[in-house]
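>>> Dropping the sequence and predicted coords here.
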Amino acid sequence: MTTATDPAPPRHGPIRLGIVGIGKIARDQHVPAIMANPAFVLAATADPHGSLDGVPAFGDFAAMLAGMPDLDAVAICTPPGLRAGIATAAIDAGLAVLLEKPTAATLAQAEGIVAHAAASGTPLMATWHSREAAAVAEARGWIAERQVAQVTITWKEDIRRWHPGQEWILAANGFGVFDPGINALSILTEILPDPVRVETAHIAIPEGRAAPIAARLALVSGDARIAADFDFLQTGPQSWDIRVDTDRGTLVLSDGGATIAIDGEAPRRADNGEYRALYARFAQIVADGTSDADLAPLRLVEDAIRVAEREVVAPFAF
Ligand code: NAP
């Protein structure tokens, strides 16, 4: 996997990109990353309510396609349940496609998108932004020279702070606490040399909701045992930590992969350019006509939900 952060130079003029879903992540991360990359022009948005000053806006993807016949690419930043239908239509229209995580609502939908893009020769990028966090590549290199014994993931954040009012996230297809948890799993599957599989899981679903508010997973990878603790009700300090115990020392990734500490040394933190890196790579993928779609994190979530013991817990309101 490349982690280049320098924008690729445009080949035949900038890529005319539309964003579908102008919500929190599109505004916080996609728009600034696109604006900072001369390989792209933000040509249009599609969203039932949202729009950006100075950018042609449409109410949905079909209207955007009809109104902007010269688009080259689309970034799909809707809730995940809508992703497969929009991606399929975008591929049919010949647009290169960037998918926010999680790739789709189900593994079968994601595999369908990947197969459709391959059959159509359409560039496709299924993004995992946390894999671009500053310290992930160093962690992968350090781990590659050691035997991993144990991994401990603590991924605890406040749903009200990071997903205010997002009712969809606790609905069917919303992923619940696996929406942030899949970020941890995307790092895990990037830094460990062996495939990861789920052994057991316990998920807690608020009464009247469809998706979990907390989950505990036991996973394995080669001889390594992995424990993951995901919680969406963490007030106070937020935890996005992965501790890796090996035959020759311990590594701790924290702040979602931005900070690294090895063998008790002082933690080193680097600025996160996650979305700048994603768009630099997307520009390259479009230029090369290739695809990048690793579905391993989505497969782990699907397996965890399938094997999980379920517990109904107190109702949740934003
Ligand atoms: P969000 O704030 O709810 O944004 C989603 C946007 O999509 C909303 O503006 C929504 O409009 C719009 N939308 C709904 N149906 C649509 C349709 N048919 N066509 C076009 N737009 C439509 O959610 P978000 O936090 O940005 O999350 C979106 C995705 O990004 C999720 O998969 C999430 O995992 C991922 N992500 C989020 C974060 C984060 O920190 N929030 C970080 C990384 C990745 P309405 O609100 O009017 O329905």
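That came in fine, so what should we check first?

>>> ok, now which ones touch Q147?
Listed by Cβ atoms under 8 Å, 6 or more residues apart in numbering, the contact partners of Q147 are 223, 246-248. Placement of C-beta: from N, CA and C, glycine included.

>>> mind checking how far V252 is from the ligand?
22 Å (Cβ to the nearest ligand atom, to the nearest Å).

>>> Give me the buried positions along the stretch of helix or strand that residue belongs to.
Per DSSP states H and E, V252 falls inside strand 249-254. Residues 251-254 are the ones in strand 249-254 that count as buried (16 or more other Cβ atoms under 10 Å).

>>> which helices and strands does it pack with?
Contact here means 3 or more Cβ pairs under 8 Å, 6 or more residues apart in numbering; DSSP states H and E; on that basis strand 249-254 packs against helix 136-144, strand 239-246, strand 259-262.

>>> please redo it, this time with the cut-off set to 10 Å
When contacts are defined as 3 or more Cβ pairs under 10 Å, 6 or more residues apart in numbering; DSSP states H and E, strand 249-254 packs onto helix 136-144, strand 148-156, helix 178-191, strand 239-246, strand 259-262.

>>> following the third one, which helix or strand shows up next?
The one in question is helix 178-191. Following helix 178-191 in sequence order, the next helix or strand is strand 197-206 (DSSP H and E).

>>> what is the rounded mean pLDDT of that next one?
For strand 197-206, mean pLDDT rounds to 98.

>>> State the paired neighbours of that strand in the sheet, together with their directions.
When sheet partners are counted by DSSP bridges, strand 197-206 sits next to strand 214-221 (antiparallel), strand 309-313 (parallel).

>>> contacts for the last one?
Just to be clear, that refers to strand 309-313. 200-209, 212-214, 216, 233 (Cβ atoms under 10 Å, 6 or more residues apart in numbering).

>>> How many residues are close by R131?
Using other Cβ atoms under 10 Å, R131 is surrounded by 24 other residues.

>>> sorry, back to before: could you provide the buried residues of strand 249-254 in TSV, with additional columns for pLDDT?
Below are the buried residues of strand 249-254 laid out as TSV (pLDDT from 0 to 100):
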residue	pLDDT
L251	98
V252	98
L253	98
S254	97
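
>>> Those into JSON lines, with extra columns for distance to L170?
Formatted as JSON lines, the buried residues of strand 249-254 follow (distance: Cβ to Cβ, whole Å):
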{"residue": "L251", "distance to L170": "33"}
{"residue": "V252", "distance to L170": "30"}
{"residue": "L253", "distance to L170": "27"}
{"residue": "S254", "distance to L170": "26"}
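
>>> Looking at those, which is nearest A134?
Nearest to A134 out of the buried residues of strand 249-254 is L253 (Cβ to Cβ; 9.8 Å).

>>> In space, what's closest to the closest one - neighbours in sequence excluded?
I242 (4.5 Å; Cβ to Cβ, 6 or more residues apart in numbering).

>>> hang on, isn't the one you found packed against A258?
No: I242 is beyond contact range of A258, at 11.9 Å (criterion: Cβ atoms under 10 Å).

>>> Just give me the residues shared between the contact sets of those two.
What both I242 and A258 touch, as defined by Cβ under 10 Å, 6+ apart, is the set V136.

>>> Please identify the residues of this protein in proximity to the ligand?
Within the chain, the positions near the ligand by Cβ under 6 Å from any ligand atom are 20-26, 46-50, 60-61, 77-80, 82, 100-101, 129, 162-163, 166, 179.

>>> T88 belongs to a helix?
Yes: counting by DSSP: H, G, I helix; E, B strand; the rest coil, T88 is found in a helix.

>>> Give me the neighbour count for it.
When neighbours are counted by other Cβ under 10 Å, T88 comes out with 17.

>>> Quick check: A87 touching T103?
Yes: using Cβ under 10 Å, A87 makes contact with T103 at a distance of 8.8 Å.

>>> Give me the common contacts of the two.
Shared contacts of A87 and T103, counting by Cβ under 10 Å, 6+ apart, come down to 76, 109-110, 113-114, 124, 126.

>>> wait, which of these is closest to the ligand?
The ligand has its nearest neighbour among the shared contacts of A87 and T103 in I76, at 8.5 Å by Cβ to the nearest ligand atom.

>>> For burial, what's the neighbour tally of that closest one?
Number of residues near I76 (other Cβ under 10 Å) recorded here: 27.
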